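Asker: quick one, what's the 3D model for this:
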Amino acid sequence: MDWETTTAQGLYAADTNARYDAACKRVLSEKSILAWIMKSCLEEYKDCEVKEIAEQYIEGQPQVSTIPVLPDEGGTVISGLDTEDKSLQEGTVLYDILFRAIVPGTEKVIGLIINVEAQNDYYPGYPIIKRAVYYGSRMISAQHGREFTASHYEKLKKVYSIWICMDPPKRKENTINRYRLVEEHLVGEATEPTENFDLISVIMICLGKPEGEAYQGILRMLDVLFSNETSVTEKRKILQDEYNIPMTQTLN
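Answerer: Okay, the predicted model is just below:
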């Protein structure tokens, strides 16, 4: 079976299996696609080329809901990341895709822990944004014993919790919102270095219909990728011609 056939099967699976299953996650975890998301939504990468992000700044292979870890029970500490974050008190939290990235232009290695979640149900019984904040907070707290020990909070790494919403309400279609910590001067003008508090950001990417000025860039790319109405052949052509995304075996 050649790579084109394998890729077509991967895209076909993501196209037909309710747009949210294992095949969907595998396609979304392709580095070239993650790089587009990073360039479009993360200010650290806005001036980088997509190929540069994929090849130089994404560390290792993104993990896709496969590695079980029990930190409260003394699980093994590894240099990579865990897609399952379990606390005896809080239950299990599963991340769809989890990986590290390096901030360009820095003299030392700085990690960005980025969680990408595909959400097909915008009204699951609670505000999705609260779940996104919770996921980001868990990624912060989970760094204790992995990124740092004792009271070395200076080693905390910034985290992103990125959510791709397939079927948002009409008012949110074709929008991208960011939620983060900012400094406000209530009395006086004392300042703190941004890197000391800018440690968690939530990105909500809401897809929509192919209409309006906002339907372009990453919004169009993701909509095409997960569309039930676009053929595999057409998807491959758009991804290759408009976004320069190679059709690799990683997309199977």
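Asker: so which strand or helix has Val133?
Answerer: Counting by DSSP states H and E, the element that carries Val133 is helix 128-141.
Asker: what's the separation between Leu34 and Leu42?
Answerer: 10 Å (C-beta to C-beta, to the nearest Å). Glycine gets a C-beta too; all of them are placed from N, C-alpha and C.
Asker: now the common contact residues for these two.
Answerer: Common neighbours of Leu34 and Leu42, using C-beta atoms under 8 Å, 6 or more residues apart in numbering, are Ile114.
Asker: contacts only, for Gly111.
Answerer: 59, 100-102, 147, 157-158.
Asker: apply 10 Å and report the result again.
Answerer: Contact analysis of Gly111 by C-beta atoms under 10 Å, 6 or more residues apart in numbering lists 59, 81, 99-103, 143, 147, 155-159.
Asker: would you check which pair of those residues lies furthest apart?
Answerer: Phe99 and Lys155 (19.0 Å; C-beta to C-beta).
Asker: and these two? Which one has more around it.
Answerer: Phe99 (24 against 12; other C-beta atoms under 10 Å).
Asker: not counting its neighbours along the chain, what's nearest that one?
Answerer: Of all residues not flanking Phe99 in the chain, Pro62 sits nearest, at 3.9 Å (C-beta to C-beta, 6 or more residues apart in numbering).
Asker: part of a strand, is the one you found?
Answerer: Yes. Checked against DSSP: H, G, I helix; E, B strand; the rest coil, Pro62 lies within a strand.
Asker: state the number of residues packed around it.
Answerer: 24.
Asker: contacting residues around it?
Answerer: When contacts are counted by C-beta under 10 Å, 6+ apart, Pro62 is found next to 25-26, 28-31, 34, 81, 83, 96-101, 114, 116, 250.
Asker: can you show me the helices along the stretch 1-150 of the chain?
Answerer: 3-16, 22-28, 31-41, 50-52, 128-141 (DSSP state H, counting those that start in this stretch).
Asker: distance between the last one and the chain's centre?
Answerer: On the basis of C-alpha atoms, centre = their mean, to the nearest Å, the separation between the geometric centre of helix 128-141 and that of its chain is 13 Å.
Asker: in it, what's buried?
Answerer: 128, 131-132, 135-136, 138-140 (16 or more other C-beta atoms under 10 Å).
Asker: repeat for the fourth one
Answerer: Using 16+ other C-beta under 10 Å as the test for burial, helix 50-52 gives Val50.
Asker: quick one: residues in contact with that helix.
Answerer: 31-40, 45, 104, 243-246.
Asker: return the item of those having minimum pLDDT.
Answerer: pLDDT across those is lowest for Pro246, at 82.
Asker: could you list the low-confidence segments of the stretch 151-252 of the chain?
Answerer: 248-252 (pLDDT under 70).
Asker: rerun at 90
Answerer: 166-167, 225-236, 245-252 (pLDDT under 90).
Asker: most widely separated two among the contacts of helix 50-52?
Answerer: Every pair of those checked by C-beta to C-beta; the farthest is Pro104 and Pro246, at 21.6 Å.
Asker: list the beta-bridge partners for Met203.
Answerer: One thing to correct before we go on: residue 203 is Ile, not Met. Ile162, Arg178 (DSSP bridges).
Asker: that one against Val159, yeah?
Answerer: No. Judged on C-beta atoms under 10 Å, Ile203 makes no contact with Val159 at a distance of 11.3 Å.
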